[in-house]
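Asks: Could you work out the structure for the sequence below:
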Amino acid sequence: MTWWLLTFSRGGPAAYLSHLDTARAVQRTFARAGVPIALSHGMRPKPRLSLPLPLPVGAAGCEELAVVEVPDEQPGTAAVLRELRAAAPPGLLLRAVAVVGDEHPRPQALEARYACLLEGDAGAVLAAVERYATEVSVVRERVSPKGRRTLDLKEYVVNAASEAVPGGARLSFSIRHRDDGAARPQEFIDLIATWAEVEPVMRGLERQSVTWKGLPSGPNPGAGRSAST
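Replies: Numbers count the residues shown, from 1 in each chain. This is a model prediction of the structure:
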């Protein structure tokens, strides 16, 4: 068996897929293209395909990553990429395939860059972002089915910036991923909206890039043979 790293973008109608539905969409794209995916062992074999970093529902992703195991007898990646692109559903664009080899890659996100349009008073949003830059600590409480947790956004959200655009302000920021987890994009957006006294209504949230560790070195995500745009 051989491991592949697949780079893809998600947008348009596909932006509203859940994490599991995105994985299924990639799996079905392989099936329609006639490219088999290796199965796990055990009583209930499952496709050996994973997406290392979930993308929020409603967000576009420019450089998403999938880890896939395939049988060794697959054809060259350039031909495979053409078949996968032709079989992909609307909003899912397969950008590159890199052949890693027989060692299972286990990429981990270090940092992700996001951008969105926050509607409302652009000046107030810019002032809120400037305030965030001067704060030493910004502690927020997260409530989930697992209980309550407090986190300091300053430990996770960095390089925040904004600029006035028609209808509001374009907000950009990076989220660091640490061993204890990461902040959610909506948590930072809600904070800026609260400080700016605008509704936390955003449009066009997108994950522009991800910095990974645990990837083989090379021009594309993975060493060895690759095909890309």
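Asks: ok, P54 - contacts?
Replies: Shown here is P54, whose contacts under the criterion C-beta atoms under 8 Å, 6 or more residues apart in numbering are H19. In this view, the C-beta of every residue, glycine as well, is placed from N, C-alpha and C.
Asks: Strands of the protein, residue ranges please.
Replies: 2-10, 49-50, 60-70, 92-101, 108-119, 139-144, 147-152, 157-165, 168-176, 202-213, 226-228 (DSSP state E).
Asks: wait, which of these is closest to V80?
Replies: Closest approach to V80 among those (C-beta to C-beta): strand 92-101, 5.9 Å.
Asks: Might you calculate how far that closest one sits from the centre of the chain?
Replies: Strand 92-101 sits 15 Å away from the centroid of its parent chain (C-alpha atoms, centre = their mean, to the nearest Å).
Asks: Please spell out which residues along it are buried.
Replies: Buried residues in strand 92-101, counted by 16 or more other C-beta atoms under 10 Å: 92-100.
Asks: Equivalent analysis for stretch 119-138, please.
Replies: Applying 16+ other C-beta under 10 Å to stretch 119-138 flags 119-122, 124-126, 128-129, 132, 138 as buried.
Asks: next one: stretch 139-157
Replies: Residues of stretch 139-157 classed as buried under the neighbour-count rule (16+ other C-beta under 10 Å) are 151, 153, 156-157.
Asks: Out of those, the closest to M202 would be?
Replies: For the buried residues of stretch 139-157, the nearest to M202 is V157 (15.1 Å; C-beta to C-beta).
Asks: Output the below-cut-off pLDDT ranges for this structure.
Replies: For the chain, applying pLDDT under 70 flags the ranges 75-76, 217-229.
Asks: what do you get if the cut-off is 50, keeping everything else the same?
Replies: The model of the chain has pLDDT under 50 over residues 219-226.
Asks: farthest residue from the center of it?
Replies: Most distant residue from the mean C-alpha position of the chain: M43, 31.4 Å away (C-alpha atoms, centre = their mean).
Asks: from the buried residues of stretch 119-138, which ones fall inside helices?
Replies: Judged by DSSP state H, these include 122, 124-126, 128-129, 132 as members of helices.
Asks: I'd like these laid out as TSV, including distance to G12.
Replies: Listed next are these as TSV, based on distance: C-beta to C-beta, whole Å:
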residue	distance to G12
A122	27
A124	31
V125	26
L126	30
A128	30
V129	29
Y132	31
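Asks: picking that back up, in contact with the residue farthest from the centre of the chain, which residues?
Replies: Counting by C-beta under 8 Å, 6+ apart, there are no residues that M43 touches.
Asks: Kind regards, and thank you for your time.
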